[in-house]
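Novice: next one to model:
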Amino acid sequence: MVASDLKMKKEIAYTPASLKATYCLGLLCLTLLGMSSLQAQSISPQTLNIAGGYSQVGGYSLGYSMGEESSITYYTTATASTLSAGFIQDFGFLERDHLVLDLSLSNASFEGSTTQFFIPVGTFSVKTSRTTTSKKAPLFTNLFGPGYDNSYFEIKDNILFWSSAERAPGKDTFLILAQVLDRKGNNVTKFFEIKRTRLDFDALIVPNTITPNTDGINDTWGVPGIRFFEAARISVYDKGGLRLFYTENPDIRWDGTYEGKEMPVGAYFWTIEIGETGEMRRGMLNLIRK
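Specialist: Residues are numbered from 1 along each chain as shown. The predicted structure follows:
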């Protein structure tokens, strides 16, 4: 027997089948029995029956290396050598390759964005068994099922992307379940922890001007970076302390009105509270109409 590169032998009970190939030259007659399909992890035949001259000798075990194809016809056999008496001395083994062994991710963190919702995170790499029988790569990696935090992500050409406009406030660690399959149906399924980074609350830039004149510049006021924080409370007040605007959704911005009426040019005040961290900031906002 010739050992496979993987040294992974799997012997399955031999069941005779219909395939028979006979090669007769003088005293040598070789009969192959039981070449059944390789289904999932069940690999057969286990033994090779050999007829030499007028007698039959059985029980020659076959060893296999794991791999990709499901039919015996896709495998190659090592060259058999014979003794002078006509008996098989060395039959070898049936080779298979590209069995998926492991899955890894090149990078597992990304910076959250308030304007882009398709952000590359890292590239998946697949470790496989390798022999000389095939150049075919395993199937592409996919997210396995709708659970965990898979809904926030997408895999395209083996690259993991953040692919969601959802805020996921207060969440900086995401757990995904990814799977890679080989062409034989073998798989590796693994969890990966993905980190999303964000600016600290006190580092966020809060605009101090609003110009609601429909020119597309500063027509509304807000702080997009707050969208990554949980339990945000945003308020705008006039000089008399009347609250003109309030929201707990940072994606909603003040448009310079109160109860449907445009507010006059002047100075206003804002407060932002973050329940997640217990922090609070205050500042002044100038309303200008040009």
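Novice: what's across from residue 154 in the sheet?
Specialist: Here residue 154 sits in beta bridges with residue 161, going by DSSP bridges.
Novice: correct me, but it touches residue 161?
Specialist: Yes. At 4.9 Å, residue 154 counts as touching residue 161 under the criterion of CB atoms under 8 Å. Using the backbone N, CA and C atoms, a C-beta is placed for each residue, glycine as well.
Novice: what helix or strand is the residue lying closest to residue 280 once chain neighbours are set aside on?
Specialist: Ranked by CB to CB, 6 or more residues apart in numbering and with sequence neighbours excluded, the top spatial neighbour of residue 280 is residue 273, at 4.7 Å. For residue 273, the element it lies in under DSSP states H and E is strand 266-274.
Novice: quick one, phi psi at residue 110?
Specialist: The phi and psi values for residue 110, taken as degrees, to the nearest 10, are phi -150, psi 160.
Novice: related to what we said a few turns ago, what do residue 154 and residue 161 both touch?
Specialist: Common contact partners of residue 154 and residue 161 (CB atoms under 8 Å, 6 or more residues apart in numbering): residue 118.
Novice: picking that back up, beyond the strand holding residue 273, next helix or strand please.
Specialist: Taking DSSP H and E, what comes next after strand 266-274 is strand 279-287.
Novice: who's in contact with that next one?
Specialist: Contacts for strand 279-287 (CB under 8 Å, 6+ apart): 201-202, 206-212, 221, 236, 256, 263-274.
Novice: ok, it: who's next to it in the sheet?
Specialist: Strand pairing for strand 279-287, determined by DSSP bridges: strand 209-210 (parallel), strand 266-274 (antiparallel).
Novice: hmm, back to that, ok, residues contacting the strand holding residue 273?
Specialist: Contacts for strand 266-274 (CB under 8 Å, 6+ apart): 201, 206, 221, 223, 226, 229-239, 244, 279-287.
Novice: residues of that strand that come out buried?
Specialist: For strand 266-274, a neighbour-count test (16 or more other CB atoms under 10 Å) marks 268, 269, 270, 272, 273, 274 as buried.
Novice: domain-wise, how is the protein divided?
Specialist: Domain assignment of the chain by automatic domain parsing yields the ranges 22-90, 100-197, 201-287.
Novice: partner residues bridging the residue nearest to residue 280?
Specialist: Taking DSSP bridges as the rule, residue 273 bridges to residue 233, residue 280.
Novice: gap between it and residue 253?
Specialist: Plainly put, residue 273 is 17 Å away from residue 253 if you go by CB to CB, to the nearest Å.
Novice: could you do residue 156 as well?
Specialist: From residue 156 to residue 253 the distance is 32 Å (CB to CB).
Novice: ok, residue 245 next?
Specialist: 9 Å.
Novice: between the two, tell me which one has more neighbours.
Specialist: Neighbour totals were compared for residue 245 and residue 253, and residue 245 leads with 20 against 17 (other CB atoms under 10 Å).
Novice: these two touch, right, the more buried one and residue 238?
Specialist: No. Applying CB under 8 Å as the test, residue 245 and residue 238 come out as separate, 10.2 Å apart.
Novice: check what pLDDT residue 238 gets.
Specialist: pLDDT, residue 238: 97.
Novice: and for residue 122?
Specialist: For residue 122, pLDDT reads 97.
Novice: partner residues bridging it?
Specialist: Beta-bridge partners of residue 122, as defined by DSSP bridges: residue 160.
Novice: cheers, nothing more for now.
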